[in-house]
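Participant: I would like to see how this sequence folds:
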Amino acid sequence: MAVQAITKAGGLNTTSKSDDAVVIRQVDKEIPRTIKLHISDVLQNSGADIPLQPGDVIYVPKSDIKVYVGGEVNKPGMLPLDGRFTAMAAVMNAGGFTNNASPKNAFLLRDSGDHKSEVMKLHLDEVLKGGTDLELKPYDVVFVPKSSIAKIDRAIDQYVRGILPGSLTGGFSYLFGGGVLH
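Facilitator: Next comes the predicted model:
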């Protein structure tokens, strides 16, 4: 069985274009026959695996179409686009969100044709709760910005903590319910 053979060989890698996989079979001496291999259908039990014959070759091409994931993800960069790939799947393939991420403010940049860009809000916070995810297209850009609290914390670090000598609590006392906190 073809998909079983792929699994035994180590499975697909992240750059595999599994939607274009084929079994190449030599039917007569001159002309090979290609048989479309529906890997995702077989894995989802909605299609039959192809029985292999001696001399068969399984070919799974490498995807050269990519999407970019940037911003507050652990491993920003280019990812291969293989078949159905959603915005959340791209974020997870990029190492997931950082602690400073704002999933609810994530957006997508897409070439809408005629050299124009389209910007779409992704609502990845809703996807985390079971909402609908957006399927990516070639050359899409998924961007996850910093959360508001991360921006405030950075501003405090840059402008307040850097200006004040010592620590922020040094020399201050607060009176709460009869007790003094330093």
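Participant: use CA for all of it now, contacts and neighbours both
Facilitator: Will do.
Participant: can you list the domains in this protein?
Facilitator: Split into domains by automatic domain parsing, the chain comes to 2-59, 66-149.
Participant: what is the rounded mean pLDDT of stretch 9-27?
Facilitator: Here stretch 9-27 scores 77 as its mean pLDDT.
Participant: tell me the buried residues in it?
Facilitator: Residues of stretch 9-27 classed as buried: T15, S16, K17, S18, D19, D20, A21, V22, V23, I24, R25, Q26 (neighbour count, 16 or more other Cα atoms under 10 Å).
Participant: output it as CSV, nothing but the C-alphas.
Facilitator: Coordinates of each C-alpha in stretch 9-27 appear next as CSV, following Å, rounded to 0.1, in the frame of the first residue of the first chain:
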residue,chain,number,x,y,z
ALA,A,9,9.9,5.5,5.0
GLY,A,10,9.5,8.2,7.7
GLY,A,11,6.4,10.0,6.5
LEU,A,12,5.9,13.4,4.9
ASN,A,13,8.1,16.3,5.8
THR,A,14,7.0,20.0,6.1
THR,A,15,8.0,20.7,2.6
SER,A,16,6.1,17.8,1.0
LYS,A,17,3.3,18.7,-1.4
SER,A,18,1.2,15.7,-0.6
ASP,A,19,-1.8,16.9,-2.8
ASP,A,20,0.4,16.2,-5.9
ALA,A,21,1.8,12.8,-4.9
VAL,A,22,1.6,10.0,-7.5
VAL,A,23,2.6,6.4,-8.0
ILE,A,24,4.6,5.8,-11.1
ARG,A,25,4.0,2.4,-12.6
GLN,A,26,5.7,0.9,-15.6
VAL,A,27,2.8,-0.7,-17.6
